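K.L.:
can't give you the sequence, but here's the structure:
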Ligand SMILES: Nc1ncnc2c1ncn2[C@@H]1O[C@H](COP(=O)(O)OP(=O)(O)OP(=O)(O)O)[C@@H](O)[C@H]1O
Ligand SMILES: O=P(O)(O)OC[C@H]1O[C@H](OP(=O)(O)OP(=O)(O)O)[C@H](O)[C@@H]1O
């Protein structure tokens, strides 16, 4: 089983970090290498350009891929199945035009020229709206093209909006919301190993923003403590040998921890311990 992972750019580090946290440690993954082994002898990593990953998975050079939805939609192979939204690399593909132009809506671009690194997504977008445009594929610095009379508008990635502002462009419409996805070739999507990879990555996402609370609780305060703990399927309650108190463990949203601890103290819990959760298999 081979996983294709971005070899550079902004997606490389977070993708590798996620694999690490999921327990799929990369061994011998020196920089600039094409392949690397993982601790699982049945799983290897293939490093590829973010834009090439969908095709590599579709063609069988890899079985599973990690890259942006924008890249998957652009390559648009028929035999890919999305498994997970990995919740990083969030950005939007937008239609933008010069601030000082007459262009207010997408329909103002009918008969116009569009520059983009995403010609397929762009073509689909305009075709759906029945707006006729001439699309030029560029390989970077798309934001400059309206200022050198190559295009009337662009379809490009934005996240903070800084690049558009710096180039005096404004958003006319949103074409696609993107984030990084885990996907597989459809014929292997149900394989046990693919499922294991999906479960491992999901467990990291599930643990994000969660804390594990442990505390001692007098028997007679147990009901009140249970009422305070939002918990997933209720807290775990354990007897403590030779003591009247019980130990209570629960998973709590990080954002609730501050308030929950105060409430727990008030109803009689003591020795409250808060720890991070690395993974949570639900
Ligand atoms: N500003 C951004 N904010 C968030 N995510 C982004 C942003 N720009 C790009 N992305 C996401 O990261 C993906 C890869 O972009 P990046 O610029 O890192 O590619 P790259 O590997 O440098 O590309 P190339 O190999 O062509 O040089 C994009 O397809 C998109 O999903
Ligand atoms: O809305 P912003 O936060 O300004 O981000 C948008 C910019 O980010 C990406 O470029 P990147 O920085 O990856 O440079 P590159 O495309 O030249 O690699 C994208 O192509 C935009 O130019």
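P.N.:
Good, I have the coordinates. Since we're looking at a predicted model, the values are computed, not measured. Ligands and ions are numbered 1, 2, ... in the order given.
K.L.:
these two touch, right, residue 24 and residue 197?
P.N.:
Yes. Shown here, residue 24 and residue 197 form a contact pair, counting by C-beta atoms under 8 Å, at 7.1 Å. Glycine gets a C-beta too; all of them are placed from N, C-alpha and C.
K.L.:
now do the shared contacts for these two.
P.N.:
Shared contacts of residue 24 and residue 197, defined by C-beta atoms under 8 Å, 6 or more residues apart in numbering, comprise 3, 43.
K.L.:
show me what the longest strand seen in the chain is packed against.
P.N.:
Ranked by residue count under DSSP state E, the longest strand found in the chain is strand 169-178. Contact analysis of strand 169-178 by 3 or more C-beta pairs under 8 Å, 6 or more residues apart in numbering; DSSP states H and E lists helix 69-75, strand 91-98, helix 119-129, strand 153-158 as its packing neighbours.
K.L.:
that one pairs with which strands?
P.N.:
Here the strand partners of strand 169-178, with direction, are listed using DSSP bridges: strand 91-98 (antiparallel).
K.L.:
list the contacts for residue 11?
P.N.:
Residue 11 neighbours (C-beta under 8 Å, 6+ apart): 50, 66-68, 88-89, 180.
K.L.:
any chance of the residues you listed in a markdown table, plus distance to ligand 1?
P.N.:
Formatted as a markdown table, the contacts of residue 11 follow (distance: C-beta to the nearest ligand atom, whole Å):
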| residue | distance to ligand 1 |
| --- | --- |
| 50 | 4 |
| 66 | 11 |
| 67 | 7 |
| 68 | 2 |
| 88 | 8 |
| 89 | 4 |
| 180 | 7 |
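K.L.:
from the residues you listed, which land in helices?
P.N.:
Filtering those for membership in helices, criterion DSSP state H, returns an empty set.
K.L.:
how about the residues of the stretch 151-282 of the chain near ligand 1?
P.N.:
Proximity of the stretch 151-282 of the chain to ligand 1, by C-beta under 6 Å from any ligand atom, involves residues 157, 159, 178.
K.L.:
any idea of the mean pLDDT in the helix or strand where residue 264 lies?
P.N.:
Using DSSP states H and E, residue 264 falls within helix 254-266. Across helix 254-266, the average pLDDT comes to 95.
K.L.:
may I see the buried residues of that helix?
P.N.:
Within helix 254-266, the residues that qualify as buried by neighbour count (16 or more other C-beta atoms under 10 Å) are 260-261, 263-264.
K.L.:
tell me the one of those residues nearest ligand 2?
P.N.:
residue 260 (35.7 Å; C-beta to the nearest ligand atom).
K.L.:
how close does that closest one get to residue 4?
P.N.:
As defined by C-beta to C-beta, to the nearest Å, residue 260 lies at a distance of 41 Å from residue 4.
K.L.:
circling back: quick one, which of residue 24 and residue 197 is more surrounded?
P.N.:
More neighbours sit around residue 197 than around the other of residue 24 and residue 197, counting by other C-beta atoms under 10 Å; the figures are 26 against 19.
K.L.:
next, the buried residues of the helix or strand where that one lies.
P.N.:
Under the criterion DSSP H and E, the helix or strand holding residue 197 is helix 192-207. For helix 192-207, burial by neighbour count (16+ other C-beta under 10 Å) applies to 194, 196-198, 200-207.
K.L.:
can you lay out those residues as TSV showing pLDDT?
P.N.:
As requested, those are arranged in TSV below (pLDDT from 0 to 100):
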residue	pLDDT
194	98
196	97
197	98
198	98
200	97
201	98
202	97
203	97
204	97
205	97
206	95
207	96
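K.L.:
residue 240 is in contact with residue 247, isn't it?
P.N.:
Yes. Assessed by C-beta under 8 Å, residue 240 is found in contact with residue 247 at 5.5 Å.
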